[in-house]
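Student: Give me a 3D structure for the following:
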Amino acid sequence: MPRLKAHHIDPEATLDQPQYAFFFCIMGAVSAIAFSTLGAAYGTAKSAIGISSMAVKHPELIMKSIIPVVMAGIIAIYGLVVSVLLTGSLVKMYPTYKGFLNLGAGLAVGLSGMAAGFAIGVVGDAGVRAAAQQPKLFVGLILILIFAEVLGLYGLIVAIYLFTK
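Tutor: Numbering: from 1, shown residues only. Down below sits the predicted model:
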């Protein structure tokens, strides 16, 4: 004889856990991936313009000049990590406080990733062209790219801190 299952009753929304609170977490996840990939795409495209222009006269430097493109792609990974963390934390009844924290986490990594991607693109474009003309500039280019990349890392750190609250 089959056993009867107890009816599962959905918990009711409260002032602290309204039905729409999870929306803020979802918007945080969307912001994280959308803004960080926007920055990464811009950084990749802008750097590729400089690489293409430089490669006309110095095709042997293409692989050495690909560093800004790789660094721009890493920015998108920061947004992906936070987006996956945020969506993994979703439950049916979600506290408003946690939803707002997660929205802030997504915006922190997304907007800082966008800014970092823009910086990497501008530096990558001008830097690979300049380094092709004067090879002594290459070390300086890498240092500037690292400082641009770390802007996205700061956003990732803040996002993880907000997520764990």
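
Student: Run a quick neighbour tally on residue 150.
Tutor: Neighbourhood size, residue 150 [other CB atoms under 10 Å]: 13. All C-beta spots, glycine's among them, are computed from the backbone N, C-alpha and C.

Student: The closest residue to it other than its chain neighbours sits in which helix or strand?
Tutor: In this structure, residue 150 finds its nearest non-sequential neighbour in residue 116, 7.8 Å apart by CB to CB, 6 or more residues apart in numbering. Assigned by DSSP states H and E, residue 116 belongs to helix 96-133.

Student: For that helix, buried residues please.
Tutor: 96, 98-99, 101-125, 127-132 (16 or more other CB atoms under 10 Å).

Student: what does stretch 56-71 give?
Tutor: Across stretch 56-71, burial judged by 16+ other CB under 10 Å covers 58, 61, 65, 67-69, 71.

Student: Provide a list of residues in contact with the nearest residue to residue 49 once chain neighbours are set aside.
Tutor: Nearest residue to residue 49 in three dimensions, chain neighbours excluded: residue 125, at 5.7 Å (CB to CB, 6+ apart). Residues counted as contacts of residue 125 (CB atoms under 8 Å, 6 or more residues apart in numbering) are 46-47, 49-50, 68.

Student: switch the cut-off to 10 Å
Tutor: Residues near residue 125 by CB atoms under 10 Å, 6 or more residues apart in numbering: 43, 45-54, 68.

Student: quick one: the strand or helix carrying residue 146 to chain centroid distance?
Tutor: If you go by DSSP H and E, residue 146 is part of helix 138-163. Taking CA atoms, centre = their mean, to the nearest Å, one finds the center of helix 138-163 at 11 Å from the center of the full chain.

Student: Run through the neighbouring helices and strands of it.
Tutor: helix 22-55, helix 67-88, helix 96-133 (3 or more CB pairs under 10 Å, 6 or more residues apart in numbering; DSSP states H and E).

Student: For it, buried residues please.
Tutor: Counting neighbours by 16+ other CB under 10 Å, helix 138-163 gives 138, 141, 144-145, 148-149, 151-153, 155-156, 158-160, 162-163 as buried.
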